[in-house]
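**Q** Sequence first, predicted coordinates after that:
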Amino acid sequence: MATAQQATSESVRRDGYSIILFNHSTSNVVTNDFTSSPDQLLDAVLDYGPGGSTNFTDALTLLRR
């Protein structure tokens, strides 16, 4: 029984993800997500297309908020 409980607790993902996309402006796609699967995170990003220019300063400013 202890082995089954230990295996279950180890398989729980504990990482949180935030995804910020930026070109002319910044977009918070995902913020502190602890529950989405990798496929769900990928789907969230694939809704956005390329374009615009890169603005690292705005992205880093948004990240610090």
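**A** Looks like it arrived, so ask away.
**Q** Quick check: end-to-end length of stretch 45-59?
**A** One end of stretch 45-59 to the other measures 15 Å (C-alpha to C-alpha, to the nearest Å).
**Q** hmm, who's touching that stretch?
**A** 19-27, 29 (C-beta atoms under 8 Å, 6 or more residues apart in numbering). (Glycine included, C-beta is placed from N, CA and C.)
**Q** farthest-separated two in these?
**A** Ile19 and His24 (17.5 Å; C-beta to C-beta).
**Q** picking up where we left off before, please produce a PyMOL select command covering the buried subset of the contacts of stretch 45-59.
**A** Selection of buried members from the contacts of stretch 45-59 for PyMOL, criterion 16 or more other C-beta atoms under 10 Å:
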select buried, resi 21+22+23+26+29
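**Q** three-state assignment of the nearest residue to Asn28 once chain neighbours are set aside?
**A** Nearest non-adjacent residue to Asn28, counting by C-beta to C-beta, 6 or more residues apart in numbering: Ile20, 5.9 Å away. The local conformation at Ile20, judged by DSSP: H, G, I helix; E, B strand; the rest coil, is strand.
**Q** residues in contact with Ile20?
**A** So Ile20 contacts 26-29, 59, 62-63 (C-beta under 8 Å, 6+ apart).
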